[in-house]
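Participant: Sequence below, structure please.
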Amino acid sequence: MSRVFLTWGIAHSVKEVQSEDSILLFVVAWTITEIIRYSFYTFSLLNHLPYFIKWARYTLFIILYPMGVTGEMLTMYAALPFVKRSGLFSISLPNKYNFSFDYYTFLILVMLTYIPSKCRLSSYFLALYVSKTL
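Facilitator: Alright, predicted model coming up:
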C-alpha cells in the first residue's frame, strides 16, 4: 500500500483514527525501515558497508514488515465507521458526470487485497534474505 494513501487518505483525513495505537505501529516500522534503507544505500555508495547495516537491511523486515502491515490494516479498519458515516471522498449519483465512487467500499476492497499482496511481497523479501545472508 502506498504510504501517501495511508498517510493522507486515512491518517490525515480521518481525524478519529489519529489517536489510534495502530498508527504508532506503522510509523515506527516505517521509520526504522527507512533509517536502515538509507544507511545501507549511503554506506554502499561509500564502498564501506558495515556487517550490521547489511544484516539489519535483510533481517529486520521479519519483524518490521508484519508490524507495519498490522498497523496499516488496523488503522484502515478503525477508519471504516467514520468513512461510512461521513461519506468521506465518496461521490454519489446523480451528478453531471454520471459517476459514483464509494470510499468505504474502496477501503474494504483494499483491505481484502492487502493480505495476499503482502504475503507475495514478504515471500520475495524472504528469498532475498536467504540469498544475502546465508
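
Participant: Report all helices and strands that the helix or strand bottoming out on mean pLDDT in the chain contacts.
Facilitator: None of the helices or strands of the chain scores lower by mean pLDDT, DSSP states H and E than helix 103-133, at a mean of 84. On a contact count with 3 or more CB pairs under 8 Å, 6 or more residues apart in numbering; DSSP states H and E, helix 103-133 meets helix 51-59, helix 61-86. Placement of C-beta: from N, CA and C, glycine included.

Participant: The last one: which residues count as buried?
Facilitator: This points to helix 61-86. Neighbour-count burial for helix 61-86, counted by 16 or more other CB atoms under 10 Å, picks out 61, 64-65, 67-69, 71-76, 78-80, 82-84.

Participant: Quick one, which of the helices and strands packed on helix 103-133 gets closest to Gly9.
Facilitator: helix 61-86 (8.9 Å; CB to CB).

Participant: farthest residue from the center of this structure?
Facilitator: Within the chain, Lys96 marks the point farthest from the mean C-alpha position, 34.7 Å out by CA atoms, centre = their mean.
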